[in-house]
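Participant: Have a look at this prediction, sequence included:
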Amino acid sequence: MTDGADAIDTPTPRRKPKPEVTTLGGRELKPSTLMMGHGFDPVLSEGSLKPPIFLTSTFAFESAAAGKRHFEGITGKREGGAEGLVYSRFNGPNQEILEDRLAIWDGAEDALCFSSGMTAICVLMLAYCNAGDVIVHSGPLYAASEGFVAKHLSRYGVTYVDFPAGATREEIDEVLVRAKQQAKSQGGKVAMIYLESPANPTNALVDIEAVRTSRDATLKKPCPIAIDNTFLGPLWQRPLDHGADIVVYSLTKYVGGHSDLVAGSIAGAKKWMDPVRMLRNTMGGIADPNTAWMLLRSLETVELRMEKAGSNAAKVCAYLKEHPKIEGLGYLGMIDDPRQQDIYNRHCTGAGSTFSVFIKGGEAESFRFLDALRIAKLAVSLGGTETLASHPAAMTHLSVPDERKAALGITDNLVRVSIGIEDPDDLIADFEQALAQV
């Protein structure tokens, strides 16, 4: 039994030993290898090979002094956060193991998990914005993300300036100068640069390196650059390597990958994570233990699933490109624009498996195609094991004003497709018969 004085001097042991094996024979182990055990010691759970699901609302402290120390970290009276398990609104074994493994994929120092992707985005923005501040964001964004900035943060005196996804360094400079002037006139600051790349649903890419260079040259006090990497992450793009500070995910998509859970996350340096963690401690919104456990399961196969879906998408798009009823494709493996190709070459390692298809015609033709699908499911979301198709203009982006949709290229003939892991020839046959109905 440790007395109170010793408990204050000696931090409480975590649920896992440190340091862990991350290199072997001079070789740095890959995420796909580390996912099989990182952050969990079977000895601490009766020898269980996989982490159990810890369904508890609270955790017993080994001493009163240890409890005090944990709460000093939770409340911000001491830097570093809690050094042990406290209460399930703050942390838990399943969530902490998940966060450790998420950080590995993006080469991040720290990560936080949330009950949904939008919870992650909302808490992130609230943690960094005050009245009078300005958010600079790329466009298009997921409709709920754009709506939160334009409709909800505006109620509290936070404004925004946006720029198109493919903007050049010079164009980004102009936007940041305008944002800085706008913030000054409002008595605030440029609080965050928020990107989404590839953009939903057009697949337009943002030049992360240009944004970073522009920020560093324009803003005296750098604000965080956050990026929604859901369409390509964690396998085909690592934004932190190219200048982003915070990477954001809807874990519902590729990471979860089975269309059976909803969750989100952010990852980055601890200095960027700590303010968000403090607000999450207050507001809640942490992923529940069961969802975190399911995500641990999914992380073990994310590379396999994404590689299969990616190869399927390449075959399906090769077919669609030549079809007479297809007007165009928003697929990263078939980029026509030199600027977009340059960004892709520098930032991406794969084309992904979610893309836009432009049907010749409009909403009526797109609806006929969607209604005729037999293997692909007519549903929103993406990144699951099954192929999904939807109509953004009438579904996920319905709330976006028509003029804004037109400016962003979200047209009535755009169908978003997320390819799954079915047989690619079967998927091609399904698209062929559906297009015959258009």
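Facilitator: Looks like it arrived, so ask away.

Participant: what's around residue 28, how many residues?
Facilitator: If you count neighbours by other CB atoms under 10 Å, residue 28 ends up with 9. Where C-beta positions appear, they are placed from N, C-alpha and C, glycine not excepted.

Participant: My error: substitute residue 55 in the last question.
Facilitator: By the criterion of other CB under 10 Å, residue 55 has 12 neighbours.

Participant: for residue 56, same thing?
Facilitator: Residue 56: 13 neighbours (other CB under 10 Å).

Participant: what about residue 372, how many neighbours?
Facilitator: As a burial measure, residue 372 scores 17 neighbours (other CB under 10 Å).

Participant: Tell me where the stretch 251-400 of the chain has strands.
Facilitator: Ranges of strands in the stretch 251-400 of the chain, per DSSP state E, counting those that start in this stretch, are 264-268, 326-330, 354-359, 377-378, 388-390.

Participant: ugh, wrong one, the stretch 101-250 of the chain
Facilitator: 110-114, 134-139, 159-164, 190-196, 225-228, 246-250.

Participant: For those, could you give me a markdown table that also reports distance to residue 373, mean neighbour count and mean pLDDT?
Facilitator: Converted to a markdown table, those look like this (distance: least, CB to CB, whole Å; neighbours: other CB atoms under 10 Å; pLDDT from 0 to 100):
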| stretch | distance to residue 373 | mean neighbour count | mean pLDDT |
| --- | --- | --- | --- |
| strand 110-114 | 32 | 25 | 98 |
| strand 134-139 | 29 | 25 | 97 |
| strand 159-164 | 31 | 20 | 97 |
| strand 190-196 | 27 | 25 | 98 |
| strand 225-228 | 27 | 28 | 98 |
| strand 246-250 | 23 | 28 | 98 |
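
Participant: Ends of stretch 319-339, what's the gap?
Facilitator: Across stretch 319-339, the terminal residues are separated by 25 Å (CA to CA, to the nearest Å).

Participant: which residues touch residue 121?
Facilitator: Residue 121 makes contacts with 144-145, 148, 228, 248, 264, as judged by CB atoms under 8 Å, 6 or more residues apart in numbering.

Participant: now, which of the residues you listed sits nearest residue 117?
Facilitator: Minimum distance to residue 117 across these is 3.5 Å, recorded for residue 264 (CB to CB).

Participant: Please report how far residue 432 lies from residue 344.
Facilitator: 28 Å (CB to CB, to the nearest Å).

Participant: who's more crowded, the two?
Facilitator: Set side by side, residue 432 and residue 344 show more neighbours around residue 344, with 20 against 12, by other CB under 10 Å.

Participant: That one against residue 205, yeah?
Facilitator: Yes: contact criterion CB atoms under 8 Å: residue 344 and residue 205 qualify, at 6.0 Å.

Participant: The strands of the stretch 101-250 of the chain into TSV, with extra columns for distance to residue 406?
Facilitator: Shown next, in TSV, are these (distance: least, CB to CB, whole Å):
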stretch	distance to residue 406
strand 110-114	33
strand 134-139	12
strand 159-164	13
strand 190-196	19
strand 225-228	22
strand 246-250	26
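
Participant: State the mean pLDDT of stretch 374-385.
Facilitator: Averaged across stretch 374-385, pLDDT comes to 97.

Participant: What is the end-to-end distance of that stretch?
Facilitator: 16 Å.

Participant: rewinding a little: please enumerate the shared neighbours of residue 344 and residue 205.
Facilitator: Listed as contacting both residue 344 and residue 205 by CB under 8 Å, 6+ apart are residue 332.

Participant: ok, of the contacts of residue 121, which one's closest to residue 90?
Facilitator: Nearest member of the contacts of residue 121 to residue 90, counting by CB to CB, is residue 264, at 17.2 Å.

Participant: So what pairs up with that closest one in the strands?
Facilitator: residue 114, residue 250 (DSSP bridges).

Participant: So what's the residue count around it?
Facilitator: 28.

Participant: same question, residue 120
Facilitator: 28.

Participant: For it, which non-adjacent residue is closest in space?
Facilitator: Distances taken as CB to CB, 6 or more residues apart in numbering put residue 264 closest to residue 120, at 3.5 Å, once the chain neighbours are dropped.

Participant: what's the pLDDT at that neighbour?
Facilitator: Confidence at residue 264, expressed as pLDDT, is 98.

Participant: Residue 15 now?
Facilitator: 51.

Participant: now do residue 405
Facilitator: For residue 405, pLDDT reads 88.

Participant: can you tell me which helix or strand it belongs to?
Facilitator: Residue 405 belongs to helix 402-408 when assigned by DSSP states H and E.

Participant: which residues in the stretch 301-438 of the chain form helices?
Facilitator: For the stretch 301-438 of the chain, the helices defined by DSSP state H, counting those that start in this stretch occupy 302-321, 338-347, 363-372, 402-408, 424-435.

Participant: do the same with the stretch 1-150 of the chain
Facilitator: 4-9, 31-34, 64-75, 93-106, 117-128, 143-147.

Participant: Report the inter-axis angle for the fifth one versus strand 134-139.
Facilitator: Helix 117-128 and strand 134-139 meet at an angle of 150 degrees, taking axes from the mean of the first three to the mean of the last three CA atoms, to 10 degrees as the criterion.

Participant: the inter-axis angle of helix 117-128 versus strand 190-196?
Facilitator: 160 degrees.

Participant: What distance do you get for the spatially most central residue of the chain to residue 341?
Facilitator: Nearest residue to the geometric centre of the chain (CA atoms, centre = their mean): residue 249, 1.4 Å. Noted for residue 249: a distance of 25 Å to residue 341, by CB to CB.

Participant: Name the nearest residue to residue 356, ignoring sequence neighbours.
Facilitator: Once flanking residues are discounted, residue 356 sits nearest to residue 330: 3.4 Å by CB to CB, 6+ apart.

Participant: Give me the distance between the two termini of stretch 140-155.
Facilitator: 22 Å.
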